[in-house]
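> Show me the folded form of this:
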Amino acid sequence: MTAVCTHRVRRRGIRGVAALVCGALAAGGLAAAGVSTLRPEAASASSHREAPLISGQPEYDNTDVYAFVSPDRPDTTTLVANWIPFEEPAGGPTFYPFPEDAQYDVHIDSDGDAQGDLLYRWTFDTRTKNGNTFLYNTGQVTSLDDPDLNVTQSYDIDLLRLKDQKVVSTKKIADDLPVAPSHVGKASMPDYGKLRGQAVRKLPGGTTAFAGQADDPFFLDLRVFDLLYGGDLSEVGRDTLAGYNVNSVALQVPTAEIRQSEKQPIVGVWSTTQRKNAAGKWTQVSRLGAPLVNEVVVPMKDKDKFNASSPWNDADFLPYVTKPELPRLIESIYKIKAPKEPRKDLVSVFLTGVKDLNQPPNVRPAEALRLNTSIKPAASPKRLGVIDGDNAGYPNGRRLADDVVDISLQVVEGELVGQKNDLGDAVNTNDQAFGNSFPYLALPTSGSRGPVAEKGGTSARDALVGGGRPVAGSGSSGSDDTVLIASSAVGGAGALLVACGLLWWRRTRATAGGA
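Okay, the predicted model is just below:
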């Protein structure tokens, strides 16, 4: 009988302690949850994760391509391609290296036949100085060759010349150039601009190269995927990509090297990613030319097919351009009448280039950025490019500041066929200013938070919510620091509850043992 009573006392004691422990942990967890609600949630869908297969392979996901006549060197053309969407700045300890089992390619079609004539290929190598530490850097980094930069990368660039889609020659134009590292934070990298500058390298023949992390230059409100901005335009005006970074490669080349001739100055540009498979063979897993095509033009069933295809075969996707889904969706939700089909105007924008602007002679329809390199940079660029009278902008190539979402929405809704409109997502500029010289990309957002970051401007935490700060008297419960203090206090109270519970349990056991 005594043994049974002792067993029950012990069970009640264990249950009592368990209840106290769970209560304490729950209290701390609720406080932690309170903190997490102040942080942005990871986007579950975006224009950067445009197809089912590639969405799970961010290192190989080509997010955007840009091609424009260099504003400060108009005899050159600048090519920019980005990979790895949604890089959260504080994403250590490995941060965001370029993959070693990938080939990043930028293709140039100089005669409009939908076949690449030139191909610039980037490949990467990684070195780790000390494998016995978890740190990306072991101290403050002040240069690219700083011994405290534990993980470094370098890259090569090969120039391949092709004929009828076959390689006829290969030339290495860059060998073992340094990659600008991920921006760990202001404590680790107090002058990241200096590191960026050291990663810009001059090459023979007037070419300049860069590879490294940058602020994501694409600006838009991704709530387009929630029934086109909430079904009632209630969800517009927030740059969903603000505060996130990407990995970028950039190349500034003499225009004469990529165009066919002065008489035929129009080039087509697109990028691809090849990944080495288990058999050691290279397989194309991503492809990108004009923005938003695979995102909102190609349907779900063919997105992976598009990523594995070449422009030569783009007739397979022609019906999605001539009979696009988006205008019909806009009509069903917002009652804005869709333009009549077939949409020949969209064929010129997305596939052939616009006549007398950037359409090469004898063009074969194919999805690519088409740039007329003979059009000089605009003295005062306009964000809406060609539809606002600025022929140096999108869809004639693509500059970093071109508002391609507003342009595309207006064109899809009939801007070029007489249905004038001012549609847009209310995000008109990037959250960070672009540079005035190569590579023109804004510096990446750092992983820093708190006073160190605030001395230099917007912190990663603030940037990820559009730069917003709690406003006094707005009903906010206070700053994140206040919530963190509250969380710590509740956690301390929880620990005290656990201690008291253990003491009570021991006394109960001692009493039961005496009985």
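> Count the neighbours of Leu160 for me.
17 (other C-beta atoms under 10 Å). (Glycine included, C-beta is placed from N, CA and C.)
> Setting aside sequence neighbours, what's the nearest residue to it?
Leu119 (4.2 Å; C-beta to C-beta, 6 or more residues apart in numbering).
> what does Asp164 give?
Per C-beta to C-beta, 6+ apart, closest to Asp164 is Gln115, 6.9 Å.
> That neighbour - how many residues pack around it?
Neighbour count of Gln115, defined by other C-beta under 10 Å: 20.
> For Ile330, grab phi and psi.
Ile330 adopts backbone torsions of phi -60, psi -40, taken as degrees, to the nearest 10.
> got a list of what the closest residue to it other than its chain neighbours touches?
Sequence neighbours aside, Ile336 is the residue nearest to Ile330 in space, at 5.3 Å (criterion: C-beta to C-beta, 6+ apart). Contacts here follow C-beta atoms under 8 Å, 6 or more residues apart in numbering; on that basis Ile336 touches 330, 413, 421.
> what's the burial count for the second one?
Looking back up the chat, that one is Glu413. Glu413: 23 neighbours (other C-beta under 10 Å).
> what's the answer for Asn428, then?
With other C-beta under 10 Å as criterion, Asn428 counts 15.
> cool, Lys355 as well?
Lys355, neighbours per other C-beta under 10 Å, totals 9.
> Secondary structure element holding it?
Lys355 is part of no helix or strand, with elements assigned from DSSP states H and E.
> rewinding a little: okay, the residue nearest to Ile330 and Gly131: tell me how far apart.
To Gly131, Ile336 is 59 Å away according to C-beta to C-beta, to the nearest Å.
> what does Gln419 give?
Gln419 is 61 Å from Gly131, by C-beta to C-beta.
> More neighbours: the two, which one.
Under the criterion of other C-beta under 10 Å, the comparison of Gln419 against Gly131 puts Gln419 first, with 15 against 8.
> pLDDT score assigned to the more buried one?
For Gln419, the pLDDT comes out at 96.
> OK, contacts around the residue nearest to Leu160?
105-108, 159-162.
> Can you list which of these are found in strands?
105-108, 159-162 (DSSP state E).
> could the residues you listed go into a markdown table alongside pLDDT and distance to Ile258?
As requested, those are exported to a markdown table (pLDDT from 0 to 100; distance: C-beta to C-beta, whole Å):
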| residue | pLDDT | distance to Ile258 |
| --- | --- | --- |
| Asp105 | 98 | 14 |
| Val106 | 98 | 10 |
| His107 | 98 | 11 |
| Ile108 | 98 | 5 |
| Leu159 | 98 | 10 |
| Leu160 | 98 | 13 |
| Arg161 | 98 | 11 |
| Leu162 | 97 | 13 |
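> What sits closest to Val293 if chain neighbours are left out?
Glu367 (5.5 Å).
> mind checking how far the one you found is from Val386?
Counting by C-beta to C-beta - Glu367 and Val386 are separated by 18 Å.
> higher neighbour count, those two?
Glu367 (24 against 21).
> The more buried one and Asp216: what is the separation?
Taken as C-beta to C-beta, the span from Glu367 to Asp216 is 22 Å.
> OK, contacts around Ala199?
Counting by C-beta under 8 Å, 6+ apart, Ala199 has contacts 144, 177-180, 210-212.
> Repeat the analysis, applying 6 Å as the threshold.
The contact partners of Ala199, by C-beta atoms under 6 Å, 6 or more residues apart in numbering, come to 178, 180, 210, 212.
> go on, Arg398?
Residues near Arg398 by C-beta under 6 Å, 6+ apart: 66, 369.
> Give the bridge partners for it, please.
Ala67 (DSSP bridges).
> Please pull out the lowest mean pLDDT helix or strand from this protein.
Across the helices and strands of the chain, mean confidence by mean pLDDT, DSSP states H and E is lowest for helix 2-36: a mean of 38.
> residue boundaries of the helices in the protein?
2-36, 192-199, 227-230, 293-296, 303-307, 318-322, 326-334, 344-347, 404-412, 451-455, 460-463, 480-514 (DSSP state H).
> ranking those helices by mean pLDDT, which is last?
helix 2-36 (a mean of 38).
> if we can go back for a sec, buried members of the contacts of Leu119 into ChimeraX, please.
One line in ChimeraX is enough to select the buried members of these, burial here meaning 16 or more other C-beta atoms under 10 Å:
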select :105,106,107,108,159,160,162
